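Chemist: No sequence on hand, only this structure:
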C-alpha cells in the first residue's frame, strides 16, 4: 500500500490493471468519465466537478486518493461511501484471481471503484489519477475530457527530475480526440501539452484564459465569498465558497472550464445555479476535507494537506497574510520527500512541534527536528502527532494560530 510503504508499493505498469479489469468485464467502459491529473489541485478539482454534476441531478461517482480516515473515502457515489459489505464482497469473490494476478493495493482499489460505479449505473464518474498519468492504473479509461491541473515537483523518483519530464508523464492521459483542459499555462509544460494534443488531434483549453475567481473581503477566518468572471464578464456573484485556501481560485477556474466542456460538447445539463450550489455545498455533497480546513476558532486552528514544494509555498503565503500573534506549527513528513527543500520554505518566526505520522514511511521526528534546527527552525520533537497537536493547542493563546501540515498523513491523524 503506497500510502504506508511508498516506493515498494508502486508499479509503473498497466499490465495488472488490464488483466484485472478484463476479469471484471471491463466495467470502466460502462459509464462516462472525467479524468483528472496534476501535481497539486487534482483532488480539489475532482471534488468540485463531482459536486456540481451531482447538484445537476446526475448520479456521480468519485474516485480519489489517498484517504484521510476511512479507506472507503476513495470510492463514493453522490457523496456516499462505498458500503463496507461491498468492499468485503469484492475482495472475497475475486480473491483466487487476486492471488494469481497479484495486483497492488492501488490496482485492486481502481478495479473495485470501476466495478462499483458500473454495478450502480452511475451517469458519470470523476476519476482522479493516483500518481503521474501515463502509467497510472486509472489511465485505462476513455474519458469525455482529460484534465491536468498544474505541474510541479513531486514523486520525482518515479516521474523524473525536471518539470518537462513530469509533464510528459502527466500528458500520458491525453487521448485521441478527447478534449483537454489545462489549469495553468506554464512556460516549461505548455509546449509539451500542446504538442501531445496536436498529435492526438484534439482541442486544448487553458482554464485561466477563460475564468477568473476574485476573492471578496470577509472578516471571518472560516468564511469566503467569491465572484466568478467568465471571459471578462461577471458570471456568478458572491458565491459562498467553503474552499478557503487562496490556491483554490485556480482549482475552481479549472473545474468550471471542465464543466463548460461537458455542457457545450456533450450537452450535460449543468446550469449556473448548479455551479453555485455545487461549490457552496461541496463539503456536504462529497465530504471533501483537509484543505485549509478550519478545525477551531479559539485559538484559530487550521490544517492543510499541502506537502510538496508548490503546496507548501501556497500554504506559507496564506499563513503570512493571516493575522495572529504567534504561529504554532505542527509539522511532520514522509521519508521519501526532500526535507531540506521543504524546511527552507517554512517561516522562521514560529514554534514548531515535530512529529512522525503513524505509517512506516513517516520521517523520524527527532531527525526532522535536527534538520529543521540546521535551517533555523526552533521546536521540540514529539512521540506522536496527537501529542504534538495537544502541546501546540495547549500552548497557544487565544490570538495565536495553530497550523497542522507537512504531510497528508499528519493532517489525517489530527482530523
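Modeler: On my side now, so go ahead. What you see is a predicted model; the values in this text were computed from it and never measured.

Chemist: Going by C-alpha atoms from here, please, whenever you check contacts or count neighbours.
Modeler: OK.

Chemist: So for the helix or strand harbouring residue 228, mean pLDDT?
Modeler: Residue 228 is located in strand 225-230, with elements delineated by DSSP states H and E. The average pLDDT within strand 225-230 is 97.

Chemist: what does stretch 104-113 give?
Modeler: 95.

Chemist: circling back to that earlier point, hmm, who's touching the strand holding residue 228?
Modeler: The contact list for strand 225-230, computed with C-alpha atoms under 8 Å, 6 or more residues apart in numbering, reads 210-218, 234-241.

Chemist: So which residue of this protein lies furthest out from the middle?
Modeler: residue 96 (32.9 Å; C-alpha atoms, centre = their mean).

Chemist: Is it in a helix, a strand, or coil?
Modeler: helix (DSSP: H, G, I helix; E, B strand; the rest coil).

Chemist: now it: how far from residue 285?
Modeler: 36 Å (C-alpha to C-alpha, to the nearest Å).

Chemist: same question, residue 291
Modeler: 16 Å.

Chemist: With residue 267 instead?
Modeler: Here residue 267 is placed at a distance of 22 Å from residue 285 (C-alpha to C-alpha).

Chemist: And these two? Which one has more around it.
Modeler: Higher neighbour count among residue 267 and residue 285: residue 285, with 22 against 10, using other C-alpha atoms under 10 Å.

Chemist: could you pull out the strands for the stretch 201-350 of the chain?
Modeler: Here the stretch 201-350 of the chain has its strands, by DSSP state E, counting those that start in this stretch, at 204-206, 211-216, 225-230, 233-240, 293-297, 300-303, 327-331, 350-354.

Chemist: who wins for proximity to residue 247 among these?
Modeler: strand 211-216 (10.6 Å; C-alpha to C-alpha).

Chemist: Not counting that closest one itself, show me its contacts.
Modeler: So strand 211-216 is contacted by 224-232, 238, 249-250, 252-254, 256-257 (C-alpha under 8 Å, 6+ apart).

Chemist: just checking, residue 20 touches residue 102?
Modeler: No - using C-alpha atoms under 8 Å, residue 20 is not in contact with residue 102, being 9.5 Å away.

Chemist: Have a look at the two and say which one is more surrounded.
Modeler: residue 20 (23 against 14).

Chemist: what's the closest non-adjacent residue to the more buried one?
Modeler: residue 111 (6.8 Å; C-alpha to C-alpha, 6 or more residues apart in numbering).

Chemist: any idea how this protein splits into domains?
Modeler: By the record's domain assignment, the chain is partitioned as 2-286, 293-414 (automatic domain parsing).

Chemist: how distant is the shortest one from the center of its chain?
Modeler: For domain 293-414, the gap between its own C-alpha mean and the chain's C-alpha mean amounts to 19 Å (C-alpha atoms, centre = their mean, to the nearest Å).

Chemist: Ok, the first one next?
Modeler: Chain-centre distance of domain 2-286: 8 Å, with C-alpha atoms, centre = their mean.

Chemist: I'd like the secondary structure assignment at the residue nearest the centre of the chain, please.
Modeler: Nearest residue to the geometric centre of the chain (C-alpha atoms, centre = their mean): residue 43, 2.6 Å. Here residue 43 is helix, with the state taken from three-state DSSP.

Chemist: what pLDDT does it get?
Modeler: 95.

Chemist: need the contact list for it.
Modeler: Residues near residue 43 by C-alpha under 8 Å, 6+ apart: 64, 65, 128.

Chemist: Swap in 10 Å and give it another go.
Modeler: For residue 43, the contact set (C-alpha atoms under 10 Å, 6 or more residues apart in numbering) comprises 36-37, 63-66, 127-130, 149, 251, 288, 291.

Chemist: cool, residue 313 as well?
Modeler: Counting by C-alpha under 10 Å, 6+ apart, residue 313 touches 306, 307, 319, 342, 345, 346.

Chemist: The residue lying closest to residue 294 once chain neighbours are set aside: neighbour count?
Modeler: Distances taken as C-alpha to C-alpha, 6+ apart put residue 302 closest to residue 294, at 4.5 Å, once the chain neighbours are dropped. As a burial measure, residue 302 scores 23 neighbours (other C-alpha under 10 Å).

Chemist: With residue 176 instead?
Modeler: With other C-alpha under 10 Å as criterion, residue 176 counts 14.

Chemist: do the same with residue 190
Modeler: Neighbours of residue 190 (other C-alpha under 10 Å): 16.

Chemist: The nearest residue to residue 209 once chain neighbours are set aside: what's it in contact with?
Modeler: Leaving aside its sequence neighbours, residue 209 sits nearest to residue 231 (C-alpha to C-alpha, 6+ apart; 7.6 Å). Residue 231 makes contact with 208, 209, 210, 211, 212, according to C-alpha under 10 Å, 6+ apart.

Chemist: Quick check: closest non-adjacent residue to residue 227.
Modeler: Spatial nearest neighbour of residue 227, chain neighbours left out: residue 237 (4.6 Å); criterion: C-alpha to C-alpha, 6+ apart.

Chemist: Please report the distance of the one you found from residue 49.
Modeler: Distance of residue 237 to residue 49, computed by C-alpha to C-alpha: 19 Å.

Chemist: So for those two, which residue has more residues nearby?
Modeler: residue 49 (27 against 14).

Chemist: Correct me if wrong: that one contacts residue 126.
Modeler: Yes - with contact defined as C-alpha atoms under 10 Å, residue 49 reaches residue 126; the gap is 7.5 Å.

Chemist: Please identify every residue contacting each of those two.
Modeler: With C-alpha under 10 Å, 6+ apart as the test, residue 49 and residue 126 both reach 34, 60, 62.

Chemist: Going by neighbour count, which of those comes out on top?
Modeler: For the shared contacts of residue 49 and residue 126, neighbours were counted using other C-alpha under 10 Å, and residue 62 has the most, 29 neighbours in all.

Chemist: I'd like the secondary structure assignment at that one, please.
Modeler: Strictly by three-state DSSP, residue 62 counts as strand.

Chemist: Wait, it touches residue 52, no?
Modeler: No - counting by C-alpha under 10 Å, residue 62 sits too far from residue 52 to count as a contact (12.0 Å).

Chemist: picking up where we left off before, save the contacts of residue 231 as a markdown table, and put in distance to residue 142 too.
Modeler: Listed next are the contacts of residue 231 as a markdown table, based on distance: C-alpha to C-alpha, whole Å:
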| residue | distance to residue 142 |
| --- | --- |
| 208 | 25 |
| 209 | 26 |
| 210 | 25 |
| 211 | 26 |
| 212 | 29 |
